[in-house]
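1. have a look; sequence and predicted model below, questions after that.
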Amino acid sequence: MAAPLRHGDDAVANLLAGYVPAGEFDVLFSAQGQLREHWRGVLAELAALGEQGLAERADELQRLLYENGVTFNVHDDTRGRLRTWRVDPLPLAISSTEWQELELGLIQRSRLLDALLTDLYGPRRLIDEGYLPPELVFGHPGFQLACDQSLAAQGPGLVFHGIDLVRDSQGQWRVFADRLQAPSGAGYALENRIILARAMPTLYREAPLRRLASFLGTEHLALSAMAPVQREQANIVLLTPGPDSDSYFEHAYLANYLNLSLVESLDLVVRDGRVWMRTLGGLKPVDVILRRMEDAWCDPLELRSDSVIGVPGLVQAARSGNVAMANPLGVGVLEHPGLAPYLPTLCQRLLGEPLRLPSPESWWCGDPVSLAQVLAQFEQLTLRTTDPGTLPVTVSDLNPRQAEALRESLLARPERYVAQRPIVSATVPVYDDEAHRFVSHPFNLRMFVTREAPTRDSDEWGFQAMPGGLAWVGGPGLPSRRSEVVKDVWVLAETPQPHISQLRQATGPIVVTRDGVDLPSRVADNLFWLGRYGERLDVRSRLLREGLLRLLEQEQDEYADSSLVDLFEALEIEMPEVAPGERRFLALRSALLTLFNDETIGSLPGCFQQMLRNCRAVRDHLGDDSWRVINHLRRHTAALPKVPSASAGRRACEENITQLAAFFGLCNETMPHHYGWRFMDIGRFIERALGTLELLRRVLTDAHEPGIPLWEVVLATTDNFTAYRRRYRSELHPTAILDLLLFDEGNPRSVGYMLKRLGRQIERLPQPDGTPYRSREQRLILQATSTLQLADIALLSDVHASQRAREALSALFADLLEPLEQLSDAISHTHFSHAETPRQLLRMQVQP
Amino acid sequence: MIYQLSHTTRYEYSAPVALCHNEARMLPRELPWQRCEPSRVQVVPAPAVQSERTDFFGNRVMYFAIQDIHQSLEVTVRTRLQTFARPVLPEAWKDDWQTCRDTLAGAAERSCLHARLFRLDSPFIRSDTRLADYARPSFVTGRPLLEAVQDLNRRIFEEFTYDPSFTTLATPLMHVLEERRGVCQDFAHLAIGCLRSMGLAARYVSGYLETLPPPGQPKLIGADASHAWLAVFLPGWGWLELDPTNGSLPGEQHIVVAWGRDYGDVPPLTGVMSGGGEHSLDVAVDVMPVTEAA
């Protein structure tokens, strides 16, 4: 079917040239082939970019998406597997008329599920009156017995609701699933909106589209109003399962956006019947928990006892009304796919109104009548189990043996199955970034509803739907994670909307002490180790670069560089045995290159992974620019083969050195110089001081082959060749090296400077109140500093020739290394939380 | 009967515990045939927080948290209570088991609806054809339900060996069935699994059994420890208790503490702690009959 346009709009016609709707209902064109009116404006803006312009914007979108990294997936870290999700330059436009209907339907669904939840964990009249079979409710793993009768104490009920929709071939919206325990996607929607606005500013500014900021403002107000005790500033935390979770980056993004503390379970503790956050300044009460963790894992005392990511005693604290839960614990039962066929009746019973948004025709097979209907048309249906997260199977896709097996499992445990009539999806145009044209695809949509706090005019908690959402390309019910293309969702307004340039502006009050002593101790811990691993990667990259350089320069065995033995020791790799007839430099080179294999202990990728792990855990404390650098390094590290060529290896080392400098430089420029940054800095300089001292010791007192080549290595790895030449203009001399790298307090690469910096930072860490004594870490740094300052420099001169000088220097190194090695433990002991993974008093194993 | 009940649980840890949260289901339920005086509860070290609530099944749950560093935990519950004879089934109650099963599945009557939760699989008990196969000889077509369940109860008592050395906390049901041995908890789980596999509703009961033998009668098994049995739902009448460990119907000597779908719903003491290392456990239960004259 061609695409006739009214008014003969050539540019738009050109843009859509060759676009053929693949299904019965297309969001762009009516059945008569007419362009739907509300698309005209958006398409005209896109068409104005021209073919080339559009292709460029599509690339730009992809680059921004990559660099922003909200959708960054933890499982992508494995070598070579990078995410392929891309954002379509054409948003999904929803007209204001369509939206009015949809909005009513979405809000009604939240009201309905909220009322249902209240009944299921309260009087359960719906069961007594026969509206719901008891097996449907009690047989679902989402029904938490421990949460019975606790809803009222937990807060106002549903606070956040994700609704998955598919538009069918008649244009009817149908609800596929409800997301209530950890509904992801709102952060992605926000990200899509922001990067689309950046990549296509005209399109974004001109469109009369509804903005997202007020929705998130509403959510923040609702969360604040939920606090059991009203104080000046409610302490609201976003509880995440942690950096290993698929949605962790979205959690970090939302926490930042909504100005909440991002916490993991070990950051929280239940004491005195309420929830506290472990911070540098001690325990701080938590009022509201925005939860992105499934019910079952939240409390090993009363929910799943094998959970190691839960907070023991959380259910009791919530039940006592001492902390408000968003969403309430137990909400998972509403995700039961078998509820769908009962909702029309439940809506009449609970709300007294007809259900606005239907589901696909469904049957819960635990009901004998439904089971009979399902068996009668078995081949025409899709089936899924009621277990959370299982995907539907279309019976007609199965071979006869598989279909028979499915039928048998269904008959054996019918209550575990839900059948559905397959839906033919509506289609939407999607930009093909290779063919540079639009192609028709089916799509899914996730929309969101949040709670609205009571206002002056109304005592009731209301609901508000987000005028936007996340659309993804794929057949009905395809999980968003498996989709390759996502779209921003634009709800068009009748009139142009006020443009809010800084989305962040409108979200709630500013917390002044964000990075002060309120900093979770775990975050300080992660920042400290981020500093240490980052610096370790730098030190090792520099050493390895020297090793590779030396081998590259020689390329032949006659000039076996005497520094290599000691370099190998500094890098903690064994000198390879050289077989007779084998070329020595080749053997040495392969040995060095094993440091690019992440299976080697102490390898560069291994070091980077450790750094990345800590980075991720503090994602909400790093600036976007710093993050871009990390992403860049990550891509580089992943792209490098396990055994690169020597020159590629050397370039990788240099890339590491430059990018790490950029990363820490950006951190220094953008992170507030509060406690968080101090811990990172301390981590860096402890590592650097240890690395420098070890190197100096190896070169000046412990070397197998002491002499000029090794001294050059020291100056090169510390990048101090230039400084040395300028200052001493002479032959290399160990005493001058010592002066430059040990005693000079003005040289950032000298131990003297590092100790001074550490001393200053440690002085400013939070200290226990009222003690007149120095802390252990203060004493340790003082010890190292005075050791260095009191060293008899005259005695140390002529290290190369004098045995006595070497012994004195060796003793000095030992006296400096000892307190520095203890310093790390002392800081950890004083400042970081040592929450242990909770253990069960009684271990009950459920039979397999 | 009047009893003075005492149940002490003592944990010793090899390393200090900084914080623990616990739930105890050791306070006996109040029932028409069981009147409890207020329990005296002693927790050492003293908890910072302690509260009582009723759980989903109506059991009394005591929550407590100890916030001081400690290396042992001792919980003692003393209760004085009086038990009476259980209600007796009317002579005329002769419904056959299949009718009962179908009534249960279809009736809109509230007690049936509530009982249906106990037909479902639970964490420790899953229906299974092997369980149904074991149960089937007791459930011949048309047999009154009462007769069938008593027969099952008797068969488990006769065909299984009581063997405390055999089981751990939660022995897989199939293992119990194959080996034909176990302890009271296993036999209760087994009977429940059989009944559920036949489409009936059955629940797990935890409690105590007076074990001092009255003169002239054999000593009952399960001395000085917690005991476990089960109850089966008879539509139109209510819950009938069965004790497969002793092949009997529980009476005044069976003291009910709590019930649930299986053991996992009603352990006497659970907890989550930070620290603690290895631990050792001591339990002492005393069920002392009190003579009226005393």
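-> Right, received. Where do you want to start? Numbering: from 1, shown residues only, chains lettered A, B, ... in the order given.

2. could you use CA atoms for every contact and neighbour count after this?
-> OK.

3. can you give the contact residues for stretch A:169-177?
-> For stretch A:169-177, the surrounding residues in contact (Cα atoms under 8 Å, 6 or more residues apart in numbering or on different chains) are A:23-25, A:102, A:163-168, A:335, A:337, A:357-360, A:423-426, A:477.

4. can you check stretch A:124-132 too?
-> With Cα under 8 Å, 6+ apart, stretch A:124-132 has contacts from A:119-120, A:133-134, A:342, A:345-346, B:108-110, B:113.

5. in CSV: these, plus secondary structure.
-> Shown next, in CSV, are those (DSSP: H, G, I helix; E, B strand; the rest coil):
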residue, secondary structure
A:119, helix
A:120, helix
A:133, coil
A:134, helix
A:342, helix
A:345, helix
A:346, helix
B:108, coil
B:109, coil
B:110, helix
B:113, helix
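
6. could I get the contacting residues of the closest residue to residue A:833 other than its chain neighbours?
-> Of all residues not flanking residue A:833 in the chain, residue A:521 sits nearest, at 5.5 Å (Cα to Cα, 6 or more residues apart in numbering or on different chains). By Cα under 8 Å, 6+ apart, the contact list for residue A:521 reads A:267, A:278-280, A:831-833.

7. which pLDDT value goes with residue A:572?
-> On pLDDT, residue A:572 comes in at 88.

8. mind checking the SS state of it?
-> coil.

9. who's in contact with it?
-> Applying Cα under 8 Å, 6+ apart, no residues qualify as near residue A:572.

10. and residue A:344, its phi and psi?
-> Dihedral pair for residue A:344: phi -60, psi -50, per degrees, to the nearest 10.

11. now swap in the one 4 residues further on and tell me
-> Residue A:348 adopts backbone torsions of phi -60, psi -40, taken as degrees, to the nearest 10.

12. before we move on, back to that, farthest pair within the contacts of residue A:521?
-> A:267 and A:831 (13.1 Å; Cα to Cα).

13. and which of the contacts of stretch A:124-132 is nearest to residue A:540?
-> For the contacts of stretch A:124-132, the closest approach to residue A:540 (Cα to Cα) belongs to residue A:120, at 59.1 Å.

14. give the helix, strand or coil label for the nearest residue to the closest one once chain neighbours are set aside.
-> Leaving aside its sequence neighbours, residue A:120 sits nearest to residue A:126 (Cα to Cα, 6+ apart; 7.6 Å). At residue A:126 the chain is in helix, as set by three-state DSSP.

15. and residue A:126, how far from residue A:109?
-> According to Cα to Cα, to the nearest Å, residue A:126 and residue A:109 sit 17 Å apart.

16. who has more neighbours out of these two?
-> residue A:109 (23 against 17; other Cα atoms under 10 Å in any protein chain shown).

17. tell me the residues of the stretch 151-294 of chain B that contact chain A?
-> Contact residues, the stretch 151-294 of chain B versus chain A (Cα under 8 Å from any Cα of the partner chain): B:169-173, B:264, B:269-275.

18. show me what the strand or helix carrying residue B:204 is packed against.
-> If you go by DSSP states H and E, residue B:204 is part of strand B:202-209. If contacts are counted by 3 or more Cα pairs under 8 Å, 6 or more residues apart in numbering or on different chains; DSSP states H and E, strand B:202-209 sits against helix B:184-197, strand B:226-234, strand B:254-260.

19. that strand pairs with which strands?
-> Using DSSP bridges, strand B:202-209 pairs in its sheet with strand B:226-234 (antiparallel), strand B:254-260 (antiparallel).

20. what angle sits between it and helix B:184-197?
-> Here the directions of strand B:202-209 and helix B:184-197 differ by 160 degrees (axes from the mean of the first three to the mean of the last three Cα atoms, to 10 degrees).

21. tell me the mean pLDDT over strand B:202-209?
-> The average pLDDT within strand B:202-209 is 96.

22. for the stretch 51-200 of chain A, which spans come out with low pLDDT?
-> Residues of the stretch 51-200 of chain A meeting the criterion pLDDT under 70: A:68-84.

23. enumerate the residues of chain A near chain B.
-> Checking chain A against chain B by Cα under 8 Å from any Cα, the hits are A:127-130, A:134-135, A:138-139, A:145-146, A:148, A:271-273, A:300-301, A:312-313, A:835-842, A:844-847.

24. which of these fall within helices?
-> Among the residues of chain A next to chain B, the members found in helices (DSSP state H) are A:127-128, A:134-135, A:138.

25. can I get those in a markdown table with neighbour count?
-> A markdown table is the format used below for these (neighbours: other Cα atoms under 10 Å in any protein chain shown):
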| residue | neighbour count |
| --- | --- |
| A:127 | 20 |
| A:128 | 18 |
| A:134 | 21 |
| A:135 | 20 |
| A:138 | 20 |
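
26. give me the secondary structure label for residue 283.
-> As the question left the chain open, I've gone with chain A. Under three-state DSSP, residue A:283 falls in the strand class.

27. my question was about chain B, not that one.
-> At residue B:283 the chain is in strand, as set by three-state DSSP.

28. kindly report the same for residue A:242.
-> Residue A:242 - assigned by three-state DSSP - is coil.

29. what's the local residue count around it?
-> Using other Cα under 10 Å: residue A:242 sits among 22 other residues.

30. next one, pLDDT for it please.
-> 87.

31. could you measure from it over to residue A:249?
-> According to Cα to Cα, residue A:242 and residue A:249 sit 9 Å apart.

32. what of residue A:377?
-> 43 Å.

33. equivalent analysis for residue A:355, please.
-> Distance, residue A:355 to residue A:249, by Cα to Cα: 35 Å.

34. so between the two, which is more surrounded?
-> Between residue A:355 and residue A:249, residue A:249 has the larger neighbour count (other Cα under 10 Å), namely 26 against 18.

35. you'd agree the more buried one is up against residue A:617?
-> No: look at residue A:249 against residue A:617 with Cα atoms under 8 Å: they stay out of range, at 9.3 Å.

36. need the next SSE after the top strand by length along chain B, C-terminal direction.
-> The longest strand of chain B (DSSP state E) is strand B:2-27. Next along the chain after strand B:2-27, taking DSSP H and E as the criterion, comes strand B:34-36.
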